[in-house]
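Asker: Return atomic coordinates for the entry below.
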Amino acid sequence: MNRLTAAFRATGEGRGARVGRIARVAAMLAALLVTIPLAAGPAAAAPTPIVGGENQSDADGLAAVLVNGQFQCSGSIVDNYWVLTARHCLYNGSTRIPDGDISVRVKSIWWYTGGGVVNVSTSRVRTSHDIAMLKLDRSANAEPVRLPTATTTVGATTYAFGWGRTCSNCGVAEVVRRATQNVLAINGNTDYYGGRAVRTDGLNGDMCYGDSGGPLFKLVDGLRYQVGVLSTINTGCTGGAFWATVPDSRDWILNVMATV
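Answerer: From the prediction side, this is the model:
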């Protein structure tokens, strides 16, 4: 299976068939393929949604991760001062991106306008898992997502969110999108850094470059519980996605929020 992650195609990092990371490809393509004026409003045309899924009407619990004001990755708000995203989103190749270059846009369905931009004061990454936490320098004043104690189940219907590309040759989406996912496996797969991964396949859409770090939710009594963080996808943005398992990192996440 030819899989890749979130930023560039041939990394030379010795990851075998995994040949890149979704986020940096998205950032480069956003610069090369689309020019989105910061003043553009919600009426701005979005790329044709070839990959599927649908536009989301709200951004509850979601965050667009920016580097120097440009889109980098998707993420989720797990506390008013903390955003959860993928570890690989904080790297440019093998170089860690300075915390001072990172910010998040919250409470907006658009990554480039609306809501508010909050700077990141510090960050933490989990060893051997594609999980990272971004501490905000002020409250996001948003409704956080919930962290489950147990993972999802094979065959469950789950929901993915992100600002990733809507086709293999498009720029990143202007409006956050949602794709319904079927859980294929909860064991036997790994994320980009070797942690346990949930594997899903799209029911009405597939994940693509730029969706990295975005959440995978299961619904319990109408409430969103985050079971995964997008880590890797298959080449071509079709054929499934692999998500760092949030319940496996729940204790680590809670400890970071309590001690940092």
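Asker: Just list whatever residues bridge to the nearest residue to residue 223 once chain neighbours are set aside.
Answerer: Once flanking residues are discounted, residue 223 sits nearest to residue 146: 6.1 Å by C-beta to C-beta, 6 or more residues apart in numbering. The C-beta positions use only the backbone N, C-alpha and C, and glycine is treated the same way. Beta-bridge pairing for residue 146 (DSSP bridges): residue 225.
Asker: can you start the count at 95 instead of 1 from here on
Answerer: Shifting the count to begin at 95 puts that one at residue 240.
Asker: Is it correct that residue 240 is in contact with residue 319?
Answerer: Yes: the pair residue 240 / residue 319 is scored as a contact, 4.7 Å apart, by C-beta atoms under 8 Å.
Asker: so where do the strands sit in the stretch 145-294 of the chain?
Answerer: Here the stretch 145-294 of the chain has its strands, by DSSP state E, counting those that start in this stretch, at 148-149, 156-161, 164-173, 176-179, 185-186, 189-190, 196-200, 210-219, 226-230, 251-256, 271-279, 291-296.
Asker: quick one: average confidence on the fifth one?
Answerer: Strand 185-186 shows a mean pLDDT of 96 in the predicted model.
Asker: which neighbours does it have in its sheet, and in what orientation?
Answerer: strand 189-190 (antiparallel).
Asker: ok now the strand it pairs with, how far from the chain's centre?
Answerer: Here strand 189-190 shows a centroid-to-chain-centroid distance of 18 Å under the convention C-alpha atoms, centre = their mean, to the nearest Å.
Asker: Would you mind pulling the contact partners of that strand?
Answerer: The contact list for strand 189-190 (C-beta atoms under 8 Å, 6 or more residues apart in numbering) reads residue 184.
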